[in-house]
Structure formats: structure tokens, C-alpha cells
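Enquirer: What would the 3D arrangement of this be:
(2 chains)
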Amino acid sequence: EAGVVQSPRYKIIEKKQPVAFWCNPISGHNTLYWYRQNLGQGPELLIRYENEEAVDDSQLPKDRFSAERLKGVDSTLKIQPAELGDSAVYLCASSFYTNTGELFFGEGSRLTVL
Amino acid sequence: AQKITQTQPGMFVQEKEAVTLDCTYDTSDPSYGLFWYKQPSSGEMIFLIYQGSYDQQNATEGRYSLNFQKARKSANLVISASQLGDSAMYFCAMRGISGSARQLTFGSGTQLTVLP
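Expert: Predicted structure coming up:
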């Protein structure tokens, strides 16, 4: 069974440029998460989807960040325009309704803003 | 609001020895789950072990066990017989059952280094 797939793995852009990250969750997982992980810190939630509905986006900087999960499967996270402080690893995760409900993570997309 | 505290930025352990990674938490949710994840240098977060707040017994998964002390709000990870491949960042996390508490909240992590 394929895991959570993210692309690109690495992205280097100049500030004020746009960038987009793509995530394909594990088949059948209805919940999808985008996390941001700064160097040396734990991941912080940006947005959580239940199917195609964003149910928790309180920590998403909506002035420059947007996300979508149109058909309740794959998802895109966009930053426009990027700032120096956006340099981080963007992690996508998915989960299914089980007793434990553990999250399965992708390998992440490392963004460097110059 | 949920909060996870990991007070050990770095830990060293000799190969084949046991090591305990500390985690304390705070939540107002009556029911919650506690998780430990491993993050090697490759970056992927790997699920290790889960403990439900109403579970009577401490969780175990192979060489991993979770020392759950509900009254003290602690959920320490114990790794027995450490291996060189255990060198990684370890994150404690929790999730409640209601509303925004259903997200997974992570601690700041502990960098474990296993010495040969």
C-alpha cells in the first residue's frame, strides 16, 4: 500500500514568489492535515480536512496561505507571496477513523525562501 | 488548549542500554490519546506507539513502551535495548476528542543519540 506522497521534496524560491505543495494521502483516509515544521521544532498544524471540508484552519495565515482539497482526496497548499520566515518543512499527513487514529506522514516538502 | 512539554532537547544512550524520554501534557479534554513519533534525519515522521487516556495498561510495541502516569500527566517513552538505528528525533503528541482538540499537538522533541 502506498504511503502519503508529497511533492516537491525540495523547493528554493526568492521572497515574494509563489509556491505550491501537493499531497496525495493514503487511499481511503478521509482526514488530511498540513503541518509546518520549523528547524529544531515540532510540527504545527496549519489546516485539517475532513473529506473536502476544512474543519480546522485557525492557524493558517490566510493573508498568504491557501489550501484546497476539492474532491476529498489529494490536496494543494499554496503560499503567495512567500516570505523569508516561511522557510520550513511542510508535512502532509492522513488518517482514518480507527481506535487510535494515528497520523501517517509523508516525507515532507522542504521550502527555502531566499 | 492542549500542551505537550518535552524538557530534554538531547539525550545520549549507550547501545543495548534502555533510555527514557520524558513527556508531560496538559489538556481539559476528558478523553485523549497520546502518541510517540520518531523522525530520522530523512524527515519522515514514523508512528511508534499509542496510549488512550482510559487504557488500564501501559502500551507496549516491541522495544517501545509508554510509561503512562495519568495523575502526573506524564507519558514517557521507554526504549529498551537501544540500537544505533534508534538515533533520531522523538516527538510526543496528543489529541483530544472534541473540536480543535482533535488535531495532533506535538512537543518540541528530543534528539536521541545512540553511542556504539
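Enquirer: who's in contact with residue 50?
Expert: All of this refers to chain A. If you count contacts by Cβ atoms under 8 Å, 6 or more residues apart in numbering or on different chains, A:Glu50 has them with A:Asn30, A:Thr31. To be clear about C-beta, it is placed using only N, CA and C from the backbone, and glycine gets the same treatment.
Enquirer: other chain: chain B
Expert: For B:Tyr50, the contacting residues are A:Thr100, A:Glu102, B:Gly33, B:Leu34, B:Phe35, B:Ala59, by Cβ under 8 Å, 6+ apart.
Enquirer: Skipping adjacent residues, who's closest to the first one in space?
Expert: In space, A:Thr100 comes closest to B:Tyr50 once its chain neighbours are excluded; the distance is 4.3 Å by Cβ to Cβ, 6 or more residues apart in numbering or on different chains.
Enquirer: which residues does the residue of chain B found nearest chain A form a beta bridge with?
Expert: Residue of chain B nearest chain A, by Cβ to the nearest Cβ: B:Phe106 (3.4 Å). Beta-bridge partners for B:Phe106, by DSSP bridges, are B:Ala93.
Enquirer: coming back round to it: now restrict the contacts of B:Tyr50 to buried residues only.
Expert: Applying 16 or more other Cβ atoms under 10 Å in any protein chain shown to the contacts of B:Tyr50, the neighbour count classes A:Glu102, B:Gly33, B:Leu34, B:Phe35, B:Ala59 as buried.
Enquirer: Sheet partners, orientation included, of the helix or strand hosting the third one?
Expert: When you say that, I think you mean B:Leu34. Following DSSP states H and E, one finds B:Leu34 within strand B:32-39. Sheet pairing of strand B:32-39 (DSSP bridges) gives strand B:46-52 (antiparallel), strand B:88-96 (antiparallel).
Enquirer: Now do the helices in chain A.
Expert: Read by DSSP state H, chain A holds no helices at all.
Enquirer: how about the residues of chain B that lie near chain A?
Expert: Selection of chain B residues close to chain A by Cβ under 8 Å from any Cβ of the partner chain yields B:4, B:33, B:35, B:37, B:42-47, B:50, B:52, B:91, B:93, B:95, B:99-100, B:102-109.
Enquirer: List every C-alpha atom in stretch A:40-58, with coordinates, as CSV.
Expert: Provided in CSV are the C-alpha atoms of stretch A:40-58 (Å, rounded to 0.1, in the frame of the first residue of the first chain):
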residue,chain,number,x,y,z
GLY,A,40,14.5,22.0,15.6
GLN,A,41,10.8,22.2,16.5
GLY,A,42,7.8,20.0,16.5
PRO,A,43,5.2,20.2,13.7
GLU,A,44,2.5,22.8,14.0
LEU,A,45,-0.9,22.3,12.4
LEU,A,46,-1.9,24.6,9.5
ILE,A,47,-5.1,23.1,8.4
ARG,A,48,-7.2,19.9,8.8
TYR,A,49,-9.6,18.5,6.3
GLU,A,50,-12.4,16.0,6.9
ASN,A,51,-13.1,14.8,3.4
GLU,A,52,-13.3,18.1,1.4
GLU,A,53,-14.2,20.3,4.3
ALA,A,54,-11.6,22.4,6.1
VAL,A,55,-12.7,21.9,9.7
ASP,A,56,-9.7,23.5,11.5
ASP,A,57,-7.8,26.3,9.7
SER,A,58,-7.4,28.6,12.7
